[in-house]
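1. Structure, please.
(chains A and B)
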Amino acid sequence: MLTGELRKKAEVALSKKAAYGIDLDVSEYVPKYMNLSGKDLEALNDELGSSMESVGLSVDEKNIPGSYVQIDQTAVYSQSLGSGLTILNLREALNQLDFLRDFYWRLIPVDVDKFTALAALYEESGYVVIADKGFKSDKPVQACLLIRSPKSLQTPHNIVIARENSNLHILTGCTTAPESFGLHVGISEFYVGRNATVTFTMIHSWSKASHVRPRTAVLVDEGGRFISNYVVLKPATSIQTYPSIRLIGERASAVSTSIVLGSEDSKIDVGSSVSLEFKGSNCRIVSRIVGGGSSETITRSRIDALVDDVKGHTECNGIVVSDNASIVAIPELKAKAKNVELTHEAAIGRISEEEIFYLQTRGFTREEAVSLIVGGFLESGLSELPISIEKYLRSAIQWALTGL
Amino acid sequence: MILEVKDLNVEVSGRLVLKNVSLSIGFGETVFLLGPNGSGKTSLIQSVLGNPSYKVLKGSIISQGFDITTFKPEERVKMGIAASFQIPPKIKGLKASRLLDEVSKRFNVHESYVKKLISNFKLEEFMNRELYVGFSGGEMKRFEILLTLLQKPKLILLDEPDSGVDVENLAVIGETLDEFLHEDDDLLSTRRSMLIVTHTGALAKYINPSRAYIMLNGEIVCYGKGEDVIKRVFRDGFEKCKSCYEKFRGG
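-> Take a look at the predicted model:
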C-alpha cells in the first residue's frame, strides 16, 4: 500500500527514537496474521467476545451503527449497519475509494519516529470510517483491536472522516488476549468537517508486558468539534501517546481528556497538544491521573495560540495513592498573538484523610472509601459522552479500582 | 445504654480539647449538648465517631456494653452509630447521587423510602452535583441528615443541625427526625436515640430532649432535665453557666 517514496522515508526513520517515552528494541516484535474470516460478530468465538466485553464493546451489535474487529494484524470484520456510514478495513478502502489517498498519511508523517516508520512498513489493516454529510447517530461505531499472539506487532492505520454537519461517535477498545502481550502502534488520522462533531473514546486495557505507542492527529474545520476521551485502567509496561489536534476553522473546538489509573510498574506518558489556528477556535485539555503501585506517569499538554480571539485551557489533576508512584504534569502554553486567552491549572496531591474518615463514618472501609474518592475523581474528567459509553466507563473505573 | 462516655480526655495536635467528659444516653432517649462555639461539642462527636485526629488520652466510650474506644469508624457504624457533620468535607468528583446509592445499598434501604426522604428534604436537584460542592449551609445540613437516616442508626449524632437552616426547612428537619425517632419503638433496646449538639437550641421546638448537658472549654459543666436547662441557658446565656460552675467548683 505504501508508495516508494513513503517507504524510503520510513526505512530511514526505523532507528529514530521517539521524542517522549522509553525507547524500545522493536525488533523483538513480529507481525502475526490470522487465517480467519468472520461474517458475523456472533459467530466469533467466546475468547473474542469476552475480550470485546472487557473493553465495553457489544458482541451482538444491538443498537450500534457498525463495527470493526482486528486480531493481531488481520482485519476480521468490518461492517456498517446504517446508511450514510462507511466502515471498511484500510486495504479495502484504499482499493475502493480513490479519494482516500488524499487523507492517507497526510496528518502524520511516516518518519516522525521509529514507531510511525514501523506502522508504515508493516501496514496491513486498520479501520476507515466515513460519516456522510448530515449523518447522525448517538450510538458509537465500535472498534476492537486485539493482540492475541505473544510478541505480536500490531500496527493498525485508522482514518476517520466526518463530513459536514455529521455527528459520529467512535468507541475503540484495545486489549490483549489472556497471557499474551505485544507492541501496539496505532496510527489514527481524523478529519472533522464543517460543523461536524466527532466523539472518540479509546479504552486501553493491555496486559502487563505490552508496550503501546498510538500516534494520533486531528484536523478540525470551521464549527467542527472533536472530543476525545483516552482511558487507561490496566497496567502495561509502557504507554506513550501525544495526539496533536489542529483547529483550522472559525469556531472549531476540541476537548481532549486523558483518564489514567497508573498501577504496578507501568510507565505512562500521555497528553495532547492543540494548535489554535483560526479566530474563535477554542480548546480544553484535561487529565485525571491516579498514581498507584510503583507507576510513573507523565501528563503533557500544550496549547499554541497562533492567531487573535482564541481560547485554551488545560487542567492536570493527579492523586498519588502509593508511596512508590509518581506523577509529573507538564503544561505548556504558547501565545503568538496579542488577543488570546490561555490558562492552566495543575494540582497533584494525596487523598485527604478527612474525606476518607468522613466516608468511613458512612459505613465504608478505608479501602472502599479510597475507591469511591478515586473513582469520582477519574469520572469527573469524562467529557460529553453518550450515556451508554459513560455508564460503561463509570462501571469500568469502579471495577478497575477494586483492590487498588 | 446506647452511649456512655466515661471520664474522656482527648487531644488534637497536642491541645487538650476534652477534659474528663462523662455523658450518657439511654435507649430511646434524646439528649441535647449545648455550649458556645469552640467549647468542644464537635470534638466529642468526632471522638465518638473514631476520628483518628482525635487522640483519646484517658477514659472510654461504651456502646451497648461494648468498649468501642479503639474501634475503627466503620465498626462503630456497624454498632448503629451515625452522625450528621457540622461541616462535612467537599469531595470533588463524587456525585451526591452515587454516595446516596452506595449508602442505600449498604444499609438495605427501600427505594421508596429514599425517594420520600429526598422529596421531604427538597434535594432532588442536588443529586447530580459533586458532594457538597456549591451546596449552601442549609442544603448541606439537609443532605447530611438524609444520609444519616439512610444508615438506620440506633444512635444519631447531630452536629449543629439547625445552624444556617431557614425556618421552613428547620420544621422539615425537626418533623422528619421526630418521625424517625418514634418508628419501631415497641422494644426498649430497639428505640432510637439522639444526641443533638447545638448552640441555638432551635430544634427544641420539634424534638423534646429528656436531658441536656452544657459544655464549656472542653468540660461538661452542668446537666439536667432538658426543658429546664434549655430554658435557663436561653434566658441567662452561657456566661451565667460559667460563673455558676466556677462558684460550684470553688465551693
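2. Going by C-alpha atoms from here, please, whenever you check contacts or count neighbours.
-> OK.
3. The stretch 101-250 of chain B against chain A: which residues are in contact?
-> B:103, B:106, B:147-148, B:151 (CA under 8 Å from any CA of the partner chain).
4. List only those of the residues you listed flagged as buried.
-> B:103, B:147-148, B:151 (16 or more other CA atoms under 10 Å in any protein chain shown).
5. Could you export the residues you listed to a markdown table, including columns for secondary structure and pLDDT?
-> As requested, these are arranged in a markdown table below (DSSP: H, G, I helix; E, B strand; the rest coil; pLDDT from 0 to 100):
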| residue | secondary structure | pLDDT |
| --- | --- | --- |
| B:103 | helix | 96 |
| B:147 | helix | 96 |
| B:148 | helix | 96 |
| B:151 | coil | 94 |
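6. List just the nearest of those residues to residue A:27.
-> For those, the closest approach to residue A:27 (CA to CA) belongs to residue B:103, at 52.6 Å.
7. show me what contacts the closest one?
-> A:362-363, B:147, B:150-151 (CA atoms under 8 Å, 6 or more residues apart in numbering or on different chains).
8. And the buried ones among the residues of the stretch 101-250 of chain B next to chain A, which two are furthest apart?
-> The widest separation within those (CA to CA) is 9.3 Å, between B:103 and B:148.
9. overlap in contacts of these two?
-> In contact with both residue B:103 and residue B:148: residue A:362, using CA under 8 Å, 6+ apart.
10. With distance to residue A:146 added, can I get the residues of the stretch 101-250 of chain B next to chain A in TSV?
-> What follows is these, written out as TSV (distance: CA to CA, whole Å):
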residue	distance to residue A:146
B:103	38
B:106	37
B:147	44
B:148	47
B:151	45
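11. of all those residues, which comes closest to residue B:46?
-> residue B:148 (14.8 Å).
12. Next, the contact list for the closest one, please.
-> Contacts of residue B:148 (CA under 8 Å, 6+ apart): A:362, B:82-84, B:156.
13. low-scoring stretches of chain B, by residue?
-> B:184-190, B:249-251 (pLDDT under 70).
14. Strands along that one, start to end?
-> Counting by DSSP state E, chain B has strands at residues B:3-12, B:15-25, B:30-34, B:55-63, B:66-67, B:81-84, B:91-95, B:130-131, B:155-159, B:193-198, B:211-216, B:219-225.
15. Could you say which of the ones you listed is packed most deeply?
-> Greatest average neighbour count among the strands of chain B goes to strand B:81-84 (a mean of 28), per mean count of other CA atoms under 10 Å in any protein chain shown.
16. Given that one, what are its sheet partners and their directions?
-> strand B:155-159 (parallel) (DSSP bridges).
17. what sits up against the partner strand?
-> B:2, B:42, B:45, B:80-86, B:145, B:148, B:192-198.
18. Over to stretch B:166-179?
-> By CA under 8 Å, 6+ apart, stretch B:166-179 touches B:120-121, B:138, B:142, B:145, B:162, B:203, B:206-207.
19. Among those, which one sits closest to residue A:283?
-> Nearest to residue A:283 among these, with distances taken as CA to CA, is residue B:138, at 36.7 Å.
20. if I look at the closest one, how far off is residue A:359?
-> Residue B:138 sits 20 Å away from residue A:359, going by CA to CA, to the nearest Å.
21. Over to residue A:376?
-> Applying CA to CA to residue A:376 and residue A:359 gives a distance of 13 Å.
22. Could you break chain A into its assigned domains?
-> Using automatic domain parsing, the domain ranges for chain A come out as A:4-352, A:353-399.
23. near chain B, anything from the first one?
-> Which is domain A:4-352. No: Domain A:4-352 stays clear of chain B (CA under 8 Å from any CA), getting no nearer than 9.3 Å.
24. For the residues of the stretch 101-250 of chain B next to chain A, work out which two are farthest apart.
-> Taking CA to CA, no two of these sit farther apart than B:106 and B:148, at 12.6 Å.
25. Enumerate every residue touching residue A:242.
-> So residue A:242 contacts A:214-216, A:269-273, A:300 (CA under 8 Å, 6+ apart).
26. Number of residues surrounding residue 97?
-> This is for chain A. 9 (other CA atoms under 10 Å in any protein chain shown).
27. wrong one, chain B
-> Residue B:97, neighbours per other CA under 10 Å, totals 16.
28. unless I'm mixing things up, it is touching residue B:128, no?
-> Yes: contact criterion CA atoms under 8 Å: residue B:97 and residue B:128 qualify, at 6.1 Å.
29. who touches both of the two?
-> With CA under 8 Å, 6+ apart, residue B:97 and residue B:128 have no common neighbours.
30. Contacts for the longest helix anywhere in chain B next, please.
-> Secondary structure of chain B read by DSSP state H shows that its longest helix is helix B:226-250. Helix B:226-250 has contacts (CA under 8 Å, 6+ apart) with B:31-32, B:35-36, B:201, B:208-213, B:216, B:221-223.
31. any chance of the contacts of residue A:242 in CSV, plus pLDDT and neighbour count?
-> Shown next, in CSV, are the contacts of residue A:242 (pLDDT from 0 to 100; neighbours: other CA atoms under 10 Å in any protein chain shown):
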residue, pLDDT, neighbour count
A:214, 95, 21
A:215, 97, 21
A:216, 97, 21
A:269, 97, 22
A:270, 97, 26
A:271, 95, 27
A:272, 97, 25
A:273, 98, 23
A:300, 97, 23
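32. Among those residues, which one sits closest to chain B?
-> residue A:271 (20.5 Å; CA to the nearest CA).
33. Now that closest one: phi and psi?
-> Torsion angles at residue A:271 (phi, psi; degrees, to the nearest 10) stand at phi 140, psi -170.
34. That one and residue A:289 touch, don't they?
-> No: in this structure residue A:271 lies outside contact range of residue A:289 using CA under 8 Å: 10.7 Å.
35. any shared contact partners between these two?
-> A:258, A:299.
36. rewinding a little: could you dump the contacts of stretch B:166-179 to TSV with neighbour count and distance to residue A:91?
-> Formatted as TSV, the contacts of stretch B:166-179 follow (neighbours: other CA atoms under 10 Å in any protein chain shown; distance: CA to CA, whole Å):
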residue	neighbour count	distance to residue A:91
B:120	16	62
B:121	19	61
B:138	17	63
B:142	25	61
B:145	23	62
B:162	27	70
B:203	22	75
B:206	16	76
B:207	18	77
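37. quick one: contacts for whatever residue of the stretch 151-300 of chain A ends up closest to chain B?
-> With CA to the nearest CA as the measure, residue A:288 is the residue of the stretch 151-300 of chain A nearest to chain B, at 10.6 Å. Residue A:288 makes contact with A:257-260, A:316-318, A:377-378, A:381, according to CA under 8 Å, 6+ apart.
38. and it, which of the three is it?
-> strand (DSSP: H, G, I helix; E, B strand; the rest coil).
39. How much space separates it from residue A:156?
-> Look at residue A:288 and residue A:156: by CA to CA, they are 27 Å apart.
40. got it, and residue B:112?
-> Counting by CA to CA, the gap from residue B:112 to residue A:156 is 51 Å.
41. Show me which of the two is the more surrounded one.
-> residue A:156 (28 against 9).
42. surely that one meets residue A:122?
-> No: between residue A:156 and residue A:122 there is no contact under CA under 8 Å: 9.1 Å.
43. Centre of the chain to stretch A:392-404, how far?
-> Stretch A:392-404 has its C-alpha centroid displaced from the chain centroid by 18 Å (CA atoms, centre = their mean, to the nearest Å).
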